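> The following comprises the amino acid sequence and a computationally predicted model.
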Amino acid sequence: MPGFGWPEHPRDLMERFEAYVDELGGLGERLRRFFARALDLAEDWFEPAFRSHSSSLRMINYPRPDGEVQPGQLRAGAHTDYGCMTILRTEDAPGGLQVRTRAGEWVDAQAVPGSFVVNLGDMMARWTNDRWPATLHRVAVPPADRAERSRRQTIVFFHDPRPDAVIECIPSCTDAGHPPRYEPVAALEHVNAKAALTH
C-alpha cells in the first residue's frame, strides 16, 4: 500500500508485532487441538490445513463518539467472520463487543483482564456442518453518560488455514439424518466469495 510503513517510534514495534503473531499462532494450534478432540477427531486433524496458514493481524481503534448518536447506530454492524476463528484482545471500555445467543439476544462479551475472546468463523461452521455456528457479533456504541472514556482498541488475530486447504464436512459432523450442508471449497475461494457478497 503506497505510503504505508511502520512508525519510527517505538523502533521495535514491527518485531513486537511479529512476536505477538507467533504467540497467537501457537495459541491457535492449542485451540485447534482442543476443537479436534471435542469433535471426536484425532488431535492433529486440523494441522495439515494450517501448515503455512494465512492468518492476519489487525489493530482496530474505536474513538469515542463525537456528537449525537443516532438510534440503532453501532461502532461495527452485526456480522460473522469469514475464516476459522478470531482471537481478540480488547480493552474494558464502554461500548464493546456483543454476541448474539441462539435465542436471539445480544449479550456483552466481557473483556476480562489478561484473557482473550475467541469467535468462531464461517469456515468452522462449514467444517462442522453448522454444529458449531459462526459467532454473530457487533460492536456497540457506549451509553451517552459513559461516552467520554469510551475510546477502545482491539487487537484482532484472524486465524485461518492455508489458501488451498479444502473446507469440507468433518466426518463426525454428518450422518444419515444430517447430510453435509455445504459443498467442499478451498479456503481462499470461500473468503473471496464471502467478500464479493459485501461489495
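Thanks, I have it. Numbering: from 1, shown residues only.
> So A134 sits against W127, correct?
No - contact status for A134 versus W127: not in contact, 10.8 Å apart, counting by Cβ atoms under 8 Å. All C-beta atoms are positioned from the backbone trio N, CA, C, and that covers glycine.
> residue ranges of the strands in the chain, please?
Listed from the start of the chain, the chain has strands (DSSP state E) covering 56-62, 76-79, 85-90, 97-100, 106-108, 117-120, 137-139, 152-159, 166-167, 185-186.
> Select the longest helix from this structure.
In the chain, assigned by DSSP state H, the helix with the most residues is helix 13-38.
> how much does that helix deviate in direction from strand 56-62?
Between helix 13-38 and strand 56-62, the angle comes out at 110 degrees (axes from the mean of the first three to the mean of the last three Cα atoms, to 10 degrees).
> In the protein, where is pLDDT below threshold?
Within the chain, the segments meeting pLDDT under 70 span 1-4, 94, 145, 199.
> From L197, how far out is the most centrally placed residue in it?
Centrality entry for the chain: nearest residue to the mean C-alpha point is T86, 2.4 Å, by Cα atoms, centre = their mean. Applying Cβ to Cβ, to the nearest Å, one obtains 19 Å for the distance of T86 from L197.
> Farthest from the middle of this structure: give me that residue.
A176 (31.4 Å).
> Is it possible to get CSV of the strands of the chain that adds distance to L27?
Shown next, in CSV, are the strands of the chain (distance: least, Cβ to Cβ, whole Å):
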stretch, distance to L27
strand 56-62, 13
strand 76-79, 23
strand 85-90, 6
strand 97-100, 18
strand 106-108, 23
strand 117-120, 9
strand 137-139, 19
strand 152-159, 8
strand 166-167, 21
strand 185-186, 25
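> so who does A187 touch?
For A187, the contacting residues are A49, S54, G83, M123, D160, P161, R162, P163, D164, A165, V166, I167, by Cβ atoms under 8 Å, 6 or more residues apart in numbering.
> who does the last one bridge with?
This means I167. Judged by DSSP bridges, the bridge partners of I167 are V185.
> roughly how far out does stretch 73-90 sit from the chain middle?
For stretch 73-90, the gap between its own C-alpha mean and the chain's C-alpha mean amounts to 5 Å (Cα atoms, centre = their mean, to the nearest Å).
> Using PDB, write out the CA atom coordinates for that stretch.
Below are the C-alpha coordinates for stretch 73-90, written out as PDB (Å, rounded to 0.1, in the frame of the first residue of the first chain):
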ATOM      1  CA  GLN A  73     -26.100   3.300  15.400                       C
ATOM      2  CA  LEU A  74     -23.300   0.800  16.000                       C
ATOM      3  CA  ARG A  75     -19.500   1.000  16.000                       C
ATOM      4  CA  ALA A  76     -19.500  -2.100  13.900                       C
ATOM      5  CA  GLY A  77     -22.600  -3.800  12.400                       C
ATOM      6  CA  ALA A  78     -23.600  -7.400  13.000                       C
ATOM      7  CA  HIS A  79     -21.500  -9.900  11.100                       C
ATOM      8  CA  THR A  80     -19.700 -13.200  11.200                       C
ATOM      9  CA  ASP A  81     -16.000 -13.500  10.300                       C
ATOM     10  CA  TYR A  82     -15.100 -15.400   7.100                       C
ATOM     11  CA  GLY A  83     -12.400 -17.600   8.500                       C
ATOM     12  CA  CYS A  84     -11.800 -20.400  11.000                       C
ATOM     13  CA  MET A  85     -11.500 -18.500  14.300                       C
ATOM     14  CA  THR A  86     -10.800 -15.000  15.500                       C
ATOM     15  CA  ILE A  87      -8.800 -14.400  18.700                       C
ATOM     16  CA  LEU A  88      -9.300 -10.900  20.100                       C
ATOM     17  CA  ARG A  89      -7.500  -8.900  22.800                       C
ATOM     18  CA  THR A  90      -9.600  -5.900  23.800                       C
END
